[in-house]
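[1] Sequence and predicted model, in that order:
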Amino acid sequence: MTLSVDLTHRFAGFSLNVAFDAPPGVTVLFGRSGSGKTSVVNAVAGLFAPEQGRIVLDKTLLFDATSRVSVPVHRRRLGYIFQEGRLFPHLTVRQNLAYGRWFAPKEANHADLGQIVDLLGIGPLLDRRPGALSGGEKQRVAIGRALLSAPRMILADEPLAALDDARKAEILPYLERLRDVMQVPMLYVTHSAAEVARLATTVVVLEGGRVIRQGGAAEVLADPLVTPTGIRAVGAVLEARVKVHHADGLTELEAGNQSLFLPRVPQSPGSALRIRIPAQDVILARHRPDGLSALNILRGTVRHVRAGEGPGALVTLDTSAGPVLARVTRRSAQALGLVEGVEAWAIIKTVALAPTDIGGP
Amino acid sequence: MGWLSEQEWAAVALSLKVAFWAVALSLPLGIWVAHLLARRDFPGKQIVNGLVHLPLILPPVVTGYLLLLSFGTKGPIGALLEPLGIVFAFRWTGAALAAAIMAFPLMVRAIRLSIEAVDPKLEQAAATLGASRGWVFLTVTLPLTLPGIIAGAILAFAKAMGEFGATITFVSNIPGQTQTLPSAIYAFLQVPGGEASAMRLVIVSIVIAFAALIASEALARRASRRVGGA
């Protein structure tokens, strides 16, 4: 399942000129608000017709400006998860879920209603109406409704942006399960680095209506020049495995041959995880620190030091768990003698790792 | 009916019949026109809008006279329909036509407002789930508009019950045939000793109007509870 997008459109005071190929898996359109992400997804869905361009899903031509082809929205069979859910207020949850299923072609590969209800944990909500659901519940139902329409691909436009952090942490595992269990191809729009780190197979970075970078999640998030939401979004993405849940509420992970301690995660021992470690939450030391409350101390070698425009510098440390990024002041980098090739320790406070930054592979 | 005389009762029954058919037959057209005005852009939209609202602005006698000219047995449309057995002039059917036309702007207005209140984003969502335009209208727009449709229909019914000027001009005031409730009240007031009859019909009018209002409130509340969730 490959989506190929190439489109150009002029809005008042803004022009969109975007071309990318989305390989199988989850492709995240990452960018600030106003960078054109939503317009791209709407063009794929058929809700917006660009002046120029061509959109092809596998071998199906969805849109072509030159030959004036535009498949109507209802025939594109793309499940759209909107930011505000958009559940039908006059129907129960069960009827909302049945809605897409009813219009799907009979020969389509139908997802099983029971399986989706279990996957999303919405069994107890089936007889309620959307007005009686919380924000997180609504969004779970919206995901289920999109899946049950037997879509060829899922489009998601900032589906978590309207939710608070606790609700985000509630929904993210479901989106990971879509990717890993159902293996649904997805085009996902966000401005959150945490969501990129957890979900993306491929990241397409948009800025001012242009694609400025395309690549894997770890690679894009580590680059301060492309992270669109500013330096705060810069961080490392480590692949780890759950080792054991300790009785004191911590989970021990293994990354490389290093141990990492996190507040307890729901995944069972043995399962793979991705954790994003924001560069601003990492402290560096030249010697192995002693008598420190932080539990996560990783030894590594400085790969490079990148000085920014302000007082800050971004240090990349190669550890056996993978590259870790630290944002320090240029003054400390100099005082510590942090240059390429020296040995250093990265210190990460266990409680600094937000639950939205920790997720499945 | 002991309380009402035969002629009074006939007028009440005729008015109910006229108003019922006027609303029942014009409602689908009203919904269609309201949807057209609320959701579509097309050349001549302002003209359609003006035509719909014309009966609200024109003196009712003028509307009645125009109906007589076009739907009378010698009028262009009346002559066309007469061989098919459809006659409007001086029949109760003509009263229903006049009432429907006079009530149409009120009906369209109420329905149009409630269609405009439906979030187009829900209609988009339905389309992404595979619903064609027609299905989107039937499964999303129409149910969400139901409170407005009920309000529009009841408003039109009340207007049709009370229609006087266009009706009397188009179909006259023949007891038992075209004498509706307002025409009967008017007729009773023209003859000495008719005040008691007129007063009884006035009371009936008030009761029917109130009943319609209460019914519409209750129906609309039930419909909007369904729509509003919970």
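    Good, I have the coordinates. Numbers count the residues shown, from 1 in each chain, chains lettered A, B, ... in the order given.

[2] And what about the residue of chain A found nearest chain B, helix, strand or coil?
    Closest contact between chain A and chain B, by C-beta to the nearest C-beta, is at residue A:131 (1.6 Å). All C-beta atoms are positioned from the backbone trio N, CA, C, and that covers glycine. What DSSP: H, G, I helix; E, B strand; the rest coil gives for residue A:131 is helix.

[3] Run a quick neighbour tally on it.
    Look at residue A:131: counted by other C-beta atoms under 10 Å in any protein chain shown, it has 14 neighbours.

[4] next one: residue B:119
    Neighbours of residue B:119 under the rule other C-beta under 10 Å: 13.

[5] Give me the nearest residue to residue 21, chain neighbours excluded.
    All of this refers to chain A. Closest residue to residue A:21 apart from its sequence neighbours, by C-beta to C-beta, 6 or more residues apart in numbering or on different chains: residue A:4 at 5.0 Å.

[6] hmm, I had chain B in mind actually
    Using C-beta to C-beta, 6+ apart and skipping the chain neighbours, the partner closest in space to residue B:21 is residue B:96 (4.7 Å).

[7] doesn't residue B:22 make contact with the one you found?
    Yes. Assessed by C-beta atoms under 8 Å, residue B:96 is found in contact with residue B:22 at 4.6 Å.

[8] Overlap of the contact sets of those two?
    Shared contacts of residue B:96 and residue B:22 (C-beta atoms under 8 Å, 6 or more residues apart in numbering or on different chains): residue B:160.

[9] Now do the contacts for residue A:313.
    Neighbour list for residue A:313: A:305, A:306, A:307, A:327, A:328, A:329, A:330, A:333 [criterion: C-beta under 8 Å, 6+ apart].

[10] Same question for residue B:186.
    Counting by C-beta under 8 Å, 6+ apart, residue B:186 makes contact with B:164, B:168, B:173.

[11] sorry, back to before: check the gap between the residue nearest to residue B:21 and chain A for me.
    Using C-beta to the nearest C-beta, to the nearest Å, residue B:96 is found at 32 Å from chain A.

[12] OK, contacts around that residue?
    By C-beta under 8 Å, 6+ apart, the contact list for residue B:96 reads B:17, B:18, B:21, B:22, B:25, B:160.

[13] Looking at the residues you listed, state which has the most neighbours.
    For those, counting by other C-beta under 10 Å, the largest number of neighbours falls to residue B:160: 30 neighbours.

[14] Could you confirm it falls within a helix?
    Yes. Counting by three-state DSSP, residue B:160 falls inside a helix.

[15] Tell me the residues of the stretch 151-300 of chain A that contact chain B?
    Within the stretch 151-300 of chain A, the positions lying close to chain B (C-beta under 8 Å from any C-beta of the partner chain) are residue A:155.

[16] Now do the strands in the stretch 151-300 of chain A.
    Remark: strands assigned in the stretch 151-300 of chain A by DSSP state E, counting those that start in this stretch are A:153-157, A:186-190, A:202-207, A:210-215, A:235-245, A:250-255, A:258-263, A:272-278, A:282-285, A:296-307.

[17] Can you give me the pLDDT of residue 109?
    I went with chain A, as the question did not name one. Turning to residue A:109, the model gives it a pLDDT of 65.

[18] um, chain B though
    92.

[19] With adjacent residues omitted, what lies nearest to it?
    Using C-beta to C-beta, 6+ apart, the closest residue to residue B:109 is residue B:152 (7.4 Å).

[20] Send me the helix or strand in which that neighbour is found as PDB with only the CA atoms.
    In this structure, residue B:152 sits in helix B:142-162 according to DSSP states H and E. What follows is helix B:142-162, C-alpha atoms only, in PDB (Å, rounded to 0.1, in the frame of the first residue of the first chain):
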ATOM      1  CA  LEU B 142     -32.700  15.100   7.700                       C
ATOM      2  CA  PRO B 143     -32.700  13.600  11.100                       C
ATOM      3  CA  LEU B 144     -30.700  16.500  12.600                       C
ATOM      4  CA  THR B 145     -33.200  18.900  11.000                       C
ATOM      5  CA  LEU B 146     -36.300  17.100  12.400                       C
ATOM      6  CA  PRO B 147     -37.000  19.700  15.100                       C
ATOM      7  CA  GLY B 148     -37.000  22.500  12.600                       C
ATOM      8  CA  ILE B 149     -39.100  20.500  10.100                       C
ATOM      9  CA  ILE B 150     -41.700  19.900  12.900                       C
ATOM     10  CA  ALA B 151     -41.700  23.500  13.800                       C
ATOM     11  CA  GLY B 152     -42.000  24.600  10.200                       C
ATOM     12  CA  ALA B 153     -44.900  22.200   9.600                       C
ATOM     13  CA  ILE B 154     -46.900  23.300  12.600                       C
ATOM     14  CA  LEU B 155     -46.300  27.000  11.800                       C
ATOM     15  CA  ALA B 156     -47.500  26.300   8.200                       C
ATOM     16  CA  PHE B 157     -50.500  24.400   9.600                       C
ATOM     17  CA  ALA B 158     -51.500  27.400  11.800                       C
ATOM     18  CA  LYS B 159     -51.000  29.800   8.900                       C
ATOM     19  CA  ALA B 160     -53.100  27.500   6.600                       C
ATOM     20  CA  MET B 161     -55.900  27.300   9.200                       C
ATOM     21  CA  GLY B 162     -56.100  31.100   9.400                       C
END
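
[21] neighbouring contacts of the helix or strand following that helix?
    Note on helix B:142-162: by DSSP H and E, the next helix or strand toward the C-terminus is helix B:165-171. Contacts with helix B:165-171, where a contact means C-beta under 8 Å, 6+ apart, come from B:55, B:59-61, B:63-65, B:67-68, B:71, B:88-92, B:94-95, B:97-99, B:101-102, B:178, B:180, B:182-183, B:186.

[22] what residues are up against residue A:188?
    Counting by C-beta under 8 Å, 6+ apart, residue A:188 touches A:26, A:27, A:28, A:29, A:156, A:159, A:175, A:195, A:199, A:200.
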